[in-house]
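1. I'll drop the sequence and a predicted model, then ask my questions.
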Amino acid sequence: MFPAIVSRFFRSLLGLLPLSAVALLAAGVASAQTISDLSPFSAVAGSPAFTLTLDGTNFVSGSAVQFNGTPLSTAFVSVTQLTASVTADLLTAPGNAGVTVVNPGGATSNTATFPILSPTISGLSPVSATAGSPAFTLTVNGTNFINGSTVQFNGTALSTVFVNDTQLTASVTANLVTTPGTAGVTVVNPGGATSNTSPFAILSPTLSSLNPVSSPAGGPAFTLTVNGANYVNGSTVQFNGTALSTAFVNAQQLTASVTANLLTTAGTAPVTVVNPGGATSNTATFPILSPMISGLSPVSTTAGSPAFTLTVNGANFISGSTVLF
């Protein structure tokens with residue numbers, strides 16, 4: 001009779017327990033809860049709040065999901081599934097978050113890894129601009145971009161458009177490309193997660209050749225053709241420090257008007273190209289040549305001879321040159 005009473009007593013206790021616990025006791029086990037899968041299995045740093053689904057075993061009503069040690073608002077679905085609300089403030093820092101399930105009484109599951117992904121840049125288009133260029137649109141390609149990601153150019157936040165999770169476009173203003181050098185481009189997600197730095201070249205104008213290559217001192221005005229690279233509409237040729245009236249032909253060529261007053265003194269004039277904003281090219285030398293005599297014909301005459309014509313040979317003579325005897 002006593003065994004029968006005991007049996008009825010335990011059956012009444014089982015009737016008071018949740019079905020999940022009854023199943024465990026009936027199986028004669030005391031297995032800890034385990035996590036086998038997470039959905040989603042990762043998130044981008046700076047993402048908004050979302051619902052995390054956990055699949056596993058031995059979950060009970062009252063099981064609580066912890067995310068990097070922070071208890072989440074958790075819903076019991078079944079002994080094999082829980083859902084939990086992950087808030088945005090838990091997703092600001094890239095890295096690996098540890099996810100666990102804690103059952104009533106403190107039993108804790110294995111730890112599942114939940115990656116929080118940083119934005120990355122894989123390429124830029126264009127990859128460079130000429131110093132002094134006008135404003136342009138920069139396309140940034142990469143991964144883990146979100147709505148609210150911002151492109152920074154040398155630390156300046158740009159007006160940014162989210163295209164998709166692998167592409168952003170941003171407006172680079174003219175004032176950011178006045179100085180030659182290398183600008184650092186990054187992407188910053190909401191919350192501060194920052195990508196790798198991608199270099200963007202700001203190119204200086206360069207001068208490779210002049211045409212003509214020289215002029216005689218005292219010569220008339222002429223048009224100087226300047227060849228090189230990285231010229232823009234608004235580039236100016238300077239001749240001995242004087243800005244010339246300059247025409248933009250293309251990114252490799254300019255023409256400029258050299259006035260006669262700049263050619264009066266023999267010597268060497270430095271020629272440079274200055275782009276809008278002040279970026280200046282290397283210096284090319286432009287010789288301004290003195291007249292030179294190499295020979296006379298005739299080379300002599302007899303005292304008392306009548307008038308004659310003297311021929312003077314040499315270089316750098318111009319219309320208006322005068323022979324002094």
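-> Thanks, I have the structure now. Numbering: from 1, shown residues only.
2. list the contacts for the closest residue to A45 other than its chain neighbours?
-> Leaving aside its sequence neighbours, A45 sits nearest to A193 (Cβ to Cβ, 6 or more residues apart in numbering; 3.4 Å). All C-beta atoms are positioned from the backbone trio N, CA, C, and that covers glycine. Residues near A193 by Cβ atoms under 8 Å, 6 or more residues apart in numbering: 45-46, 92-94, 118-119.
3. Let me have those residues in CSV, adding secondary structure and pLDDT as columns.
-> Output for the contacts of A193, formatted as CSV (DSSP: H, G, I helix; E, B strand; the rest coil; pLDDT from 0 to 100):
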residue, secondary structure, pLDDT
A45, coil, 97
G46, coil, 96
T92, coil, 96
A93, coil, 95
P94, coil, 97
S118, coil, 98
P119, coil, 98
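4. buried subset of those?
-> Buried members of those, scored by 16 or more other Cβ atoms under 10 Å, are 45-46, 94, 118-119.
5. confidence score at L324?
-> What the model reports as pLDDT for L324 is 89.
6. same question but for F317, I mixed them up
-> Here the pLDDT value assigned to F317 is 86.
7. Neighbours of it, how many?
-> Using other Cβ atoms under 10 Å, the number of residues around F317 comes to 16.
8. which non-adjacent residue is nearest it?
-> For F317, the spatially nearest residue (Cβ to Cβ, 6+ apart) is P291, at 5.6 Å.
9. if I read this right, the one you found contacts V312, doesn't it?
-> No - in terms of Cβ atoms under 8 Å, P291 does not count as a neighbour of V312; the distance is 9.3 Å.
10. more crowded one of the two?
-> A direct count of neighbours by other Cβ under 10 Å for P291 and V312 places P291 higher, at 17 against 14.
11. Contact partners for the more buried one?
-> Counting by Cβ under 8 Å, 6+ apart, P291 makes contact with 216-217, 314-318, 321.
12. Greatest separation within those residues: which pair is it?
-> Maximum pairwise distance among the contacts of P291 (Cβ to Cβ): 13.2 Å, between A217 and G314.
13. okay, these two: which has more neighbours?
-> Using other Cβ under 10 Å as the criterion, A217 and G314 rank with A217 on top: 16 against 12.
14. if we can go back for a sec, roughly how far does the residue nearest to A45 sit from A307?
-> Per Cβ to Cβ, to the nearest Å, A193 is found 95 Å from A307.
15. cool, and L117?
-> According to Cβ to Cβ, L117 stands 98 Å off from A307.
16. which secondary element of the chain has the worst mean pLDDT?
-> In the chain, the helix or strand scored least confidently by mean pLDDT, DSSP states H and E is helix 19-26, which has a mean of 41.
17. Downstream of that helix, the next helix or strand is which one?
-> strand 34-39 (DSSP states H and E).
18. to the chain's geometric centre, what's the distance from that next one?
-> Taking Cα atoms, centre = their mean, to the nearest Å, one finds strand 34-39 lying 38 Å from the centre of the chain it belongs to.
19. Contacts only, for F59.
-> If you count contacts by Cβ under 8 Å, 6+ apart, F59 has them with 20, 33, 76, 78-82, 101, 103.
20. Need the distance between the two termini of stretch 264-278.
-> One end of stretch 264-278 to the other measures 28 Å (Cα to Cα, to the nearest Å).
21. Buried residues of that stretch, list them for me.
-> Residues of stretch 264-278 classed as buried by neighbour count (16+ other Cβ under 10 Å): 269, 271-277.
22. now do stretch 308-323
-> The neighbour-count check on stretch 308-323 (16+ other Cβ under 10 Å) flags 316-317 as buried.
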